[in-house]
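Colleague: Here is my input; please provide its structure:
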Amino acid sequence: METNEKKANNKKIFIGAIIALLLLNGVTGYLLFSEKDQRVTVTSQKTALETEFRNLSDSLDYKVAELEQFRGKTVELDKAITAQQEQIQLQKKEISDLLAKGKLTRNELAKARKMIAEYEANIAAMTKQVEELTAENTTLTATNTQLNTDLTAERTTTSTLTEQNKGLAKKVEVGSLLKLANVEVEAIKRRNNGKEVEVAKVKAAESLKISFETGENKVVDPGNMSLYVRVINPKGETIAVADQGSGQIQSATNNESVTYSKKADFDYNQTNKKVVVYWSQNITTPGTYKVEVYQNGYVVGQGAVKLG
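Modeller: Numbering: from 1, shown residues only. Model (predicted):
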């Protein structure tokens, strides 16, 4: 009786042990399968992240190249581009370091995915910046084109006005010139009593007497006026002596330098006035002596005398 009862108890223990072993094997198998499934999932996620990261890296390189063309526009813009690129490069390196690990935990995968999302957002920000810069650049180009067109038109107008003003100034300048009447050139000598006598021979001539009338001119401002007398000998040479007041003026017609013999200063009040100038130097060669009178670089009177 006891033997049968003991056998029954042993059988129960054996059955219990078998059940316990089966349960342990089941749990162990489940855990192993779950761990394997997790590894497969993590690996799959890591592969997907690596693909996504490579695509984003290519996109970054393109955006960086796009942004580079806007460098040099302004200092502030260069700083913004550099800061954006540096931030993305740091994220790019950190993601690369995570993905380079042989094994990744779920937390590391989540961190990498979050960083990739930020990375993508930064690229989107750079894209928007490029679009804004492109639009701004297009607007500036159009504005500059219009400004250049306006500037060209303004320069043309200014040039036209300048030429018109020059023409008006020329007319005023010409209008202010005297019209000398009765320019007379005489060879004279003085008698002992001081009286002037006209002579026809060069040997008898002591000086040339040059006289003319100014005529009226209401355009000329009243006050002191200077005319320049040029005496030309029969050889075509200007007679000039520095210590006798000779000098040079500029011709208004060709801008060349003209030597004059003597300057005539007088007070002019817009009415007709007679002016007399004497020249006594180097009257030694027979022939015709010509006289030109200049005002502001223009010839306003001419005369001549022939001496034997």
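Colleague: Phi, psi for residue 272 please.
Modeller: The phi and psi torsions at residue 272 (degrees, to the nearest 10) take the values phi -60, psi 140.
Colleague: If I look at it, what pLDDT would I see?
Modeller: Predicted confidence (pLDDT) at residue 272: the value is 91.
Colleague: List the contacts of it.
Modeller: With contacts defined as C-beta atoms under 8 Å, 6 or more residues apart in numbering, the neighbours of residue 272 are 213-216. C-beta: built from backbone N, CA, C; applies to glycine.
Colleague: For those, which entry has the maximal number of neighbours?
Modeller: Using other C-beta atoms under 10 Å as the neighbour definition, the contacts of residue 272 reach their maximum at residue 214, which records 23 neighbours.
Colleague: Next one: it from residue 181, what distance?
Modeller: Residue 214 sits at a distance of 8 Å from residue 181 (criterion: C-beta to C-beta, to the nearest Å).
Colleague: ok so, going back, taking the contacts of residue 272 one by one, which sit in strands?
Modeller: Residues from the contacts of residue 272 lying in strands, with DSSP state E as the criterion: residue 213.
Colleague: Farthest-apart pair in the contacts of residue 272, please.
Modeller: Checked with C-beta to C-beta, the contacts of residue 272 reach their widest spread between 213 and 216, with 9.9 Å between them.
Colleague: hmm, back to that, find the residues that touch each one of residue 214 and residue 181.
Modeller: Joint contacts of residue 214 and residue 181 (C-beta under 8 Å, 6+ apart) do not exist.
Colleague: hang on, residue 139 in a strand?
Modeller: No. Assigned with DSSP: H, G, I helix; E, B strand; the rest coil, residue 139 falls outside any strand and is helix.
Colleague: can you count the residues close to it?
Modeller: 10.
Colleague: Also residue 294?
Modeller: Neighbour count of residue 294, defined by other C-beta under 10 Å: 21.
Colleague: What does it show for phi and psi?
Modeller: Residue 294 has phi and psi values of phi -110, psi 140 when expressed as degrees, to the nearest 10.
Colleague: any idea which helix or strand carries residue 178?
Modeller: Under DSSP states H and E, no helix or strand contains residue 178.
Colleague: Might you report the residue contacts of it?
Modeller: For residue 178, the contact set (C-beta under 8 Å, 6+ apart) comprises 214-215, 217, 220, 227, 295, 300-301.
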